[in-house]
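> Based on what follows, work out the 3D shape:
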Amino acid sequence: MTEQLNPQRWIVGIDGSDPAVDALRWGVHQARQVADGTSCDVVVEATAAFHVPTVMALFAAKRGFGVDQIGIEATAGHDVDEAIATVLADLAEDAPGAARVTVTSTVVEGQAAELLVDAADDATLLVVGRRGEGGLRHHVLGSVSRYCATHAEVPVVVVPTDWTVRDTASIVVGFDGSDHAAAALRWALDVAPDGAAVRAVAAIELAPWLDQDLTVSRYPDDVREHEVAMTEAFDRIDPQHRAERDIVFHAPRQALAEASLTADLVVVGTRGRGRITAGLLGSVSSDLLHTAACPVVVVSNGG
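Below is the predicted model of the structure:
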């Protein structure tokens, strides 16, 4: 594992849902793996947002009574405490790296998506569940995970529901030669634990109506041109060939979805940049966030 800044700070979004607990469980376990490999400290901040919905505030004002904001905040705090207790009970106290990982709780007033992105400004990683519930059990976390992946300046991990915690031994990176993909590959190589296999998949769809063998046989010149371009792009990022290179002539979405079936982590780039410009998340990255069989990391150019 490449040496990291010490200590690291990871933000995990908590909203009282089971997917949020899954995200925290993944975060704590992976933080221990990182701490064990780098001998650095990692602080995992379980972070919950609470807010009073406008409709409730207006209703209370018209009826002449106040909203129990303290109660809403206390509920969010309880959700965080319960999530931490559940995760720490599930994971062995004496596991490698456990002594270097601290789990803390934070409860802040605000909208979950924007709050998590703000909280991650000076963090190393932001982790969220694929789907969950809002502070009052009415908000779908799918929109939060998408917002975070699109706007956060740090890498964002989206953990699928009911993900079984295990060490990260296999990392798949989606690669197309772009700056976004280059950032994703660099990040994966930097954080890969010792002994973990990193596989960079360059999926090129020359003829969507043909399978790979027919594409190669019918368009040999185009295939060769793309293979050379991808090889040169790989060499610029990874001249030492630390990552396995897999150039396939297949739909990127399908190729990465299949690769995720046997991977512990999939890493992709994003076209989203900054909260003001609010760029769009790439279609392949967006699809993987909701369908991949394993956790997905979305890395911005700055990540």
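> For P7, which non-adjacent residue is closest in space?
Counting by CB to CB, 6 or more residues apart in numbering, P7 lies nearest to D41, which is 3.7 Å off, once chain neighbours are set aside. Quick note: C-beta positions are derived from backbone N, CA and C, even for glycine.
> domains for the chain, by residue range?
Domain assignment for the chain by automatic domain parsing gives 8-159, 170-299.
> Please identify the deepest-packed of the ones you listed.
Of the domains of the chain, the one with the most neighbours on average (mean count of other CB atoms under 10 Å) is domain 8-159, at a mean of 20.
> and it, how far apart are its ends?
From its first residue to its last, domain 8-159 covers 20 Å (CA to CA, to the nearest Å).
> can I get the domains of the chain in TSV with mean pLDDT?
Formatted as TSV, these follow (pLDDT from 0 to 100):
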stretch	mean pLDDT
domain 8-159	83
domain 170-299	84
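> element containing V228, please.
helix 220-237 (DSSP states H and E).
> which other helices and strands contact that helix?
helix 179-191, strand 197-203, strand 244-248 (3 or more CB pairs under 8 Å, 6 or more residues apart in numbering; DSSP states H and E).
> The first one vs helix 220-237, what angle?
Right, the one you point to is helix 179-191. 50 degrees (axes from the mean of the first three to the mean of the last three CA atoms, to 10 degrees).
> elements contacting helix 179-191?
strand 170-174, strand 197-203, helix 220-237, strand 265-269, strand 296-299.
> Give me the angle between it and strand 197-203.
170 degrees.
> how far out from the middle of the chain is helix 179-191?
Centre-to-centre, helix 179-191 and its host chain are 13 Å apart (CA atoms, centre = their mean, to the nearest Å).
> Would you mind measuring the gap between the ends of stretch 169-180?
With CA to CA applied, stretch 169-180 spans 23 Å between its terminal residues.
> wait, I meant stretch 239-258
27 Å.
> ok, now stretch 172-187?
End-to-end for stretch 172-187, by CA to CA: 12 Å.
> quick one: contacts of it?
The contact list for stretch 172-187 (CB atoms under 8 Å, 6 or more residues apart in numbering) reads 155, 188, 198-204, 229-230, 233-234, 236-238, 243, 252, 256, 259-260, 263, 265-271, 282, 284-285, 288, 297, 299-303.
> go on, stretch 244-260?
Under CB under 8 Å, 6+ apart, the answer for stretch 244-260 is 172, 174, 176, 197-206, 208, 212, 215-216, 223, 226-227, 230-231, 234, 266, 268, 283-284, 287-288, 291-294, 296.
> And stretch 77-84, by the same measure?
By CB under 8 Å, 6+ apart, stretch 77-84 touches 14-16, 20-21, 24, 46-48, 103, 105-107.
> distance between that stretch and the chain's centre?
For stretch 77-84, the distance to the chain centre is 21 Å (CA atoms, centre = their mean).
> Tell me which residues touch S300, please.
S300 makes contacts with A152, E153, V154, P155, H180, A183, G269, T270, G272, R273, as judged by CB under 8 Å, 6+ apart.
> Please determine how far the fourth one is located from S300.
Spelled out, that is P155. 8 Å (CB to CB, to the nearest Å).
> same thing with the first one?
Applying CB to CB, one obtains 7 Å for the distance of A152 from S300.
> What of A181?
Remark: distance between A181 and S300 (CB to CB) = 12 Å.
> Check D90 too.
Applying CB to CB to D90 and S300 gives a distance of 31 Å.
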